[in-house]
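Trainee: Below are the sequence and a predicted model; questions follow.
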Amino acid sequence: MKKNEPLPPQLVKLRDDRFRAIQSELEDIWDHWEDRRTVGEPSLDLARLVLSLGSGARLDGEDREACEERARRNNRPFDSQRPFIEFRDLTKASGAQGGFLVQQEISEVVDILRPWSVTARAGMLIDTGLIGDSVIPKITAKSTPAWLSTETSQVTASQPTLAQIALTPKTVAGLVQWTRQLAKQTNAQRFVERELKRTIGTTIDQGAIAGTGASGQPLGLINTPGVQTQSGTTLNAGCATMKRKSAEANVNDEQISFLSTPAVRELLEGREKATGGGNFVWQNDRVADRPARVSTDVPTAVMICGDWSLIYLGIWGQGFVLEINPFDPSGFKAGLIQGRVLVSCDIAVLQPAGFVVASSIT
């Protein structure tokens, strides 16, 4: 073949195939570059951590490194007896890997809590990473638009009325208990994670639904001024009234749902809308043709209707503090490990009139 002579089609195809293969390999290297850089990150095994703290042993090795790194990332002092656990440590499906994920793979905290918190499942807004006291701006009166009668008409300026909802960290503790035998078994990682998630989910539900706003508690929904009410006496058509009141507050109608207790659900599942009609007030997990859920964290004989995305949960930091008590006498005799979970959070109801509460339901 002479110099500058065009390549035969077979060689052109071979050259192009090789170029494409090299390009694909380079793209693959680039796509996984962050993974290669983070291979050396310390991983955290929650079951091993619990067993170590429960035995009074010194926190050491990779678990210590992982806890130190999480404390540093969240601007918290490292405490070997009260390690700070990030929510990302609860998102790993494989127990053998301990729970650490690179940034791109981390699920949001709402996805972690949804199976364990009914308010998260209903659509409550959840935000993490708060540092100082926080405020949420809200509009209490909207601006007024106007139609223009002619091309030269001028619109009158109007301003919306603004307000703020202040959030301050309120710390709540939940108690979790394991046996030492379980902590030593191969499936302990999943069990420990499940119990921690359940404890945090219960904590959030209790504060969001019925917090008193006193004695260190956040102000929960049913105690927030401005929430509408509905008689719970022989509750039937009142469910549709609750839905109407919530919709008239200009909430997202498609997001309206009901929340109550298992006992109220049982009562309303046996109450017909109309005698002999065969349709019940609570039927197929729906009330007034809207989704209905239950939680034992709802006060007795209470039902709530509204758009749960109008409740905001702020969590300080990216996780929670785990404390293990290795010195409990009764736990020592029974071979039990007690863990206390500390979560700093606060609740804000963004639009109280969008919720309706029926109490003393009969």
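Mentor: Happy to help now that I have it.
Trainee: What mean pLDDT does the host helix or strand of Leu53 get?
Mentor: Here Leu53, judged by DSSP states H and E, is contained in helix 46-54. For helix 46-54, mean pLDDT is 81.
Trainee: from the middle of its chain, how far away would it be?
Mentor: The chain centre lies 25 Å from the centre of helix 46-54; the measure is CA atoms, centre = their mean, to the nearest Å.
Trainee: Then stretch 234-249?
Mentor: 27 Å.
Trainee: And stretch 288-307, by the same measure?
Mentor: For stretch 288-307 - counting by CA atoms, centre = their mean - the centre lies 18 Å from the chain centre.
Trainee: residue contacts, the spatially most central residue of the chain?
Mentor: Residue closest to the mean C-alpha point of the chain, counted by CA atoms, centre = their mean, is Val110 at 3.0 Å. Contacts for Val110 (CB atoms under 8 Å, 6 or more residues apart in numbering) come out as 120, 124, 126. Just so you know, the C-beta spots here come from the backbone N, C-alpha and C atoms, and that holds for glycine as well.
Trainee: Relative to Ile200, which of these is nearest.
Mentor: The closest of the contacts of Val110 to Ile200 turns out to be Ala120 (CB to CB; 9.9 Å).
Trainee: where along the stretch 201-350 of the chain do the strands fall?
Mentor: 228-231, 256-260, 282-283, 286-287, 290-294, 303-307, 311-316, 319-325, 336-349 (DSSP state E, counting those that start in this stretch).
Trainee: Take the ones you listed and write them to TSV, including mean neighbour count, mean pLDDT and distance to Arg48.
Mentor: Shown next, in TSV, are the strands of the stretch 201-350 of the chain (neighbours: other CB atoms under 10 Å; pLDDT from 0 to 100; distance: least, CB to CB, whole Å):
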stretch	mean neighbour count	mean pLDDT	distance to Arg48
strand 228-231	16	97	50
strand 256-260	25	97	38
strand 282-283	19	96	45
strand 286-287	20	97	44
strand 290-294	19	96	35
strand 303-307	27	97	41
strand 311-316	23	92	25
strand 319-325	21	84	12
strand 336-349	20	88	12
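Trainee: Tabulate these (CSV), appending distance to Leu130.
Mentor: CSV is the format used below for those (distance: least, CB to CB, whole Å):
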stretch, distance to Leu130
strand 228-231, 29
strand 256-260, 25
strand 282-283, 37
strand 286-287, 34
strand 290-294, 27
strand 303-307, 23
strand 311-316, 5
strand 319-325, 12
strand 336-349, 8
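Trainee: Of the ones you listed, which is nearest Glu151?
Mentor: Closest among the strands of the stretch 201-350 of the chain, once you apply CB to CB, is strand 303-307, at 40.1 Å.
Trainee: Show residues contacting that closest one.
Mentor: 123, 209, 221-222, 230, 232, 235, 239, 242-243, 245-246, 251-252, 255-261, 264, 287-288, 290, 298, 351, 354-358, 361.
Trainee: one more time with 7 Å, if that's ok
Mentor: 221-222, 242-243, 246, 251-252, 255-256, 258-260, 264, 354-358, 361 (CB atoms under 7 Å, 6 or more residues apart in numbering).
Trainee: Export that strand to CSV, keeping only CA atoms.
Mentor: Provided in CSV are the C-alpha atoms of strand 303-307 (Å, rounded to 0.1, in the frame of the first residue of the first chain):
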residue,chain,number,x,y,z
MET,A,303,-58.7,10.8,63.3
ILE,A,304,-56.8,13.3,61.2
CYS,A,305,-57.5,14.4,57.7
GLY,A,306,-55.2,16.6,55.5
ASP,A,307,-52.3,16.9,53.2
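Trainee: Name every strand pairing with it and say which way it goes.
Mentor: If you go by DSSP bridges, strand 303-307 pairs up with strand 256-260 (antiparallel), strand 356-359 (antiparallel).
Trainee: Just the buried ones from the contacts of strand 303-307?
Mentor: Among these, those classed as buried by 16 or more other CB atoms under 10 Å are 221-222, 242-243, 246, 251, 255-256, 258-260, 264, 354-358, 361.
Trainee: burial measure for Thr296, as a count.
Mentor: For Thr296, the count of nearby residues is 12 (other CB atoms under 10 Å).
Trainee: same question but for Ala188, I mixed them up
Mentor: Ala188 has 21 nearby residues by other CB under 10 Å.
Trainee: And for the nearest residue to it once chain neighbours are set aside, the neighbour number?
Mentor: Nearest residue to Ala188 in three dimensions, chain neighbours excluded: Ala47, at 3.5 Å (CB to CB, 6 or more residues apart in numbering). Applying other CB under 10 Å, we find 22 other residues in the vicinity of Ala47.
Trainee: With Gln159 instead?
Mentor: 9.
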